[in-house]
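Participant: Return atomic coordinates for the entry below.
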Amino acid sequence: MQKYTLKLRISLPGALQFALPFAHVFALIFVLTGFVGCDNVALVQDDVAESDSFERKTLLTLQLNWRADAQHGGFYQAVVDGEYEAEGLDVKIVQGGPGSPVIPKLVMGRVDFAIANADQILQVREQEADIVGVMAPMQHSPRCIMVHQSTGITEFDQLKDMTLGMNEGRTFAIFLKSKLRLDGVRIVPYGGSVAKFLLDEKFAQQGYVFSEPLVAKEQGGDPHSLMVSDLGFDPYSSCVAVQSKRIQDDPDLVKKFVAASRRGWISYLQSPERANQEINRVNPDMDIDSLNSAAEILKTLCLPDGLTPESFGWMTQERWLELAKAMHDIEAIKLDPQPASSAAWVDLSK
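Facilitator: Sure thing, here's the model as predicted:
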């Protein structure tokens, strides 16, 4: 298919000649004719080399669920390795943080993709947010409760007579409270840092096993992680979520984004150095050593025993249904688990 560029010859000293796309040249004509005379406006055929320079990539925005850290490593790897570019995509990654409206931004169309855990997707769908999961980098949940080793706590039922920094409205917290007595435990909102943990031996807090514990250790703390998945709550994590409408309108674009993201993640788990440098640049709170350690921990969550790189990121109906049933039991969702779980994800592996 031939491409054309509108070339404008302008009577200026030096006989300058401009070659601009259609959308820009008409505005330029309007401005310049007030000051100079135009000799001619000619429509000429570009050669192949010139037309290639005007190829445009599809601009997309990926909203993170938190500040950049290792849980987003594969997405940053896809950027630095040019995986998105190879698919004709120009992806901008936007960091999140405490109180960041990640899901609302996706629902309102202010971002194209967002990172969310599977339980969040099920919850917001009950509020008529028609979003779905299309890829799950982490097959197992990284959610943990971080305690001090000096307390001798090694099991969840030993959590008592302390302060626990935890967002009570989150599904994992509801599940945890349904399973444990938590005698004498005072629950306070999670503040988004390890500052209180470092100052108080009787303070425990929520975290991701590859994030807060590593930061606490780096700053002289003695963290020990209790994995919430050991209690039976194990949702897919750091899922790529997208509006259902986007898949219906442009399935190929979504598949390209997922394919590039998968390649980025597989590369990150093998050699995370370049992506970690970029993560450290945009979020200096995550130092390189901690990020490299986190990448090692992620291998067990992203590629557990029995899962090959060829199957990376794909999900199963059985896992979604198991999660929906667990959430239904604690009244975190009210819809029937079977249809709720079936509608919450789309299989792009075929």
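Participant: so where do the strands sit in the stretch 101-250 of the chain?
Facilitator: 113-116, 131-135, 143-148, 162-165, 185-188, 203-208, 223-227, 239-243 (DSSP state E, counting those that start in this stretch).
Participant: Ok, which of these comes nearest V258?
Facilitator: strand 131-135 (5.0 Å; C-beta to C-beta). For glycine as for every other residue, the C-beta is placed from the backbone atoms N, C-alpha and C.
Participant: Now the strands of the stretch 101-250 of the chain in a markdown table, please, with extra columns for distance to A343 and mean pLDDT.
Facilitator: What follows is these, written out as a markdown table (distance: least, C-beta to C-beta, whole Å; pLDDT from 0 to 100):
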| stretch | distance to A343 | mean pLDDT |
| --- | --- | --- |
| strand 113-116 | 15 | 98 |
| strand 131-135 | 7 | 98 |
| strand 143-148 | 24 | 98 |
| strand 162-165 | 34 | 98 |
| strand 185-188 | 33 | 97 |
| strand 203-208 | 27 | 97 |
| strand 223-227 | 29 | 98 |
| strand 239-243 | 13 | 98 |
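Participant: P189: neighbour count?
Facilitator: Using other C-beta atoms under 10 Å, P189 has 11 neighbouring residues.
Participant: Grab the nearest non-local neighbour of it.
Facilitator: Counting by C-beta to C-beta, 6 or more residues apart in numbering, P189 lies nearest to N167, which is 6.3 Å off, once chain neighbours are set aside.
Participant: For D234, see how far away the one you found is.
Facilitator: Distance from N167 to D234, counting by C-beta to C-beta, to the nearest Å: 18 Å.
Participant: These two: who's more crowded?
Facilitator: D234 (21 against 14).
Participant: so what's the more buried one up against?
Facilitator: By C-beta atoms under 8 Å, 6 or more residues apart in numbering, the contact list for D234 reads H140, S141, V228, L323.
Participant: Show me which pair in these is furthest apart.
Facilitator: Farthest apart among the contacts of D234 - using C-beta to C-beta - are V228 and L323, which lie 12.8 Å from each other.
Participant: okay, those two: which has more neighbours?
Facilitator: Neighbour count, other C-beta under 10 Å: between V228 and L323, L323 has more, with 27 against 23.
Participant: doesn't A118 make contact with that one?
Facilitator: Yes: counting by C-beta atoms under 8 Å, L323 does reach A118; the two are 5.7 Å apart.
Participant: which neighbours do those two share?
Facilitator: P235, Y236.
Participant: What residue, apart from its backbone neighbours, is nearest R186 spatially?
Facilitator: The nearest residue in space to R186 (C-beta to C-beta, 6+ apart) is T163, at 5.0 Å.
Participant: Surely that neighbour and F197 touch.
Facilitator: No: applying C-beta under 8 Å, one finds T163 not in contact with F197, separated by 9.9 Å.
Participant: higher neighbour count, the two?
Facilitator: Counted by other C-beta under 10 Å, T163 and F197 do not tie: F197 has more neighbours, with 26 against 17.
Participant: can you tell me how far the more buried one sits from G169?
Facilitator: With C-beta to C-beta as the criterion, F197 and G169 are 21 Å apart.
Participant: per-residue confidence at L12?
Facilitator: Here, the pLDDT recorded for L12 equals 38.
Participant: and what of Q17?
Facilitator: 40.
Participant: cool, G306 as well?
Facilitator: Value for G306, per-residue pLDDT: 82.
Participant: Spell out the secondary structure type for it.
Facilitator: Under DSSP: H, G, I helix; E, B strand; the rest coil, G306 falls in the coil class.
Participant: D347 versus that one, what's the distance?
Facilitator: Taking C-beta to C-beta, one finds G306 at 19 Å from D347.
Participant: about what we covered before: show me what the residue nearest to R186 is bridged to.
Facilitator: Counting by DSSP bridges, T163 forms beta bridges with R186, F203.
Participant: any idea how far Q205 is from it?
Facilitator: T163 is 9 Å from Q205, by C-beta to C-beta.
Participant: Could you find the closest non-adjacent residue to I115?
Facilitator: In space, I115 is closest to N65, 4.3 Å off (C-beta to C-beta, 6+ apart).
Participant: Next: M327.
Facilitator: I333 (4.7 Å).
Participant: Likewise for K334?
Facilitator: With C-beta to C-beta, 6+ apart, the residue lying closest to K334 is E126, at 6.6 Å.
Participant: Read off the pLDDT value for that neighbour.
Facilitator: At E126, the pLDDT value in this model is 93.
Participant: again with D69
Facilitator: On the pLDDT scale, D69 gets 93.
Participant: That one against M286, yeah?
Facilitator: Yes: checked against C-beta under 8 Å, the pair D69 and M286 is within contact range at 5.0 Å.
Participant: between those two, what contacts are shared?
Facilitator: Taking C-beta under 8 Å, 6+ apart as the criterion, D69 and M286 both touch S211, I279.
Participant: which of the two has more neighbours?
Facilitator: Set D69 next to M286 and count neighbours by other C-beta under 10 Å: D69 wins out with 25 against 21.
Participant: ok, now which ones touch the more buried one?
Facilitator: Y208, F210, S211, I279, N283, M286, L291, A294.
Participant: on that earlier part again, check contacts around the residue nearest to M327.
Facilitator: L122, Q123, E126, A324, M327, A340.
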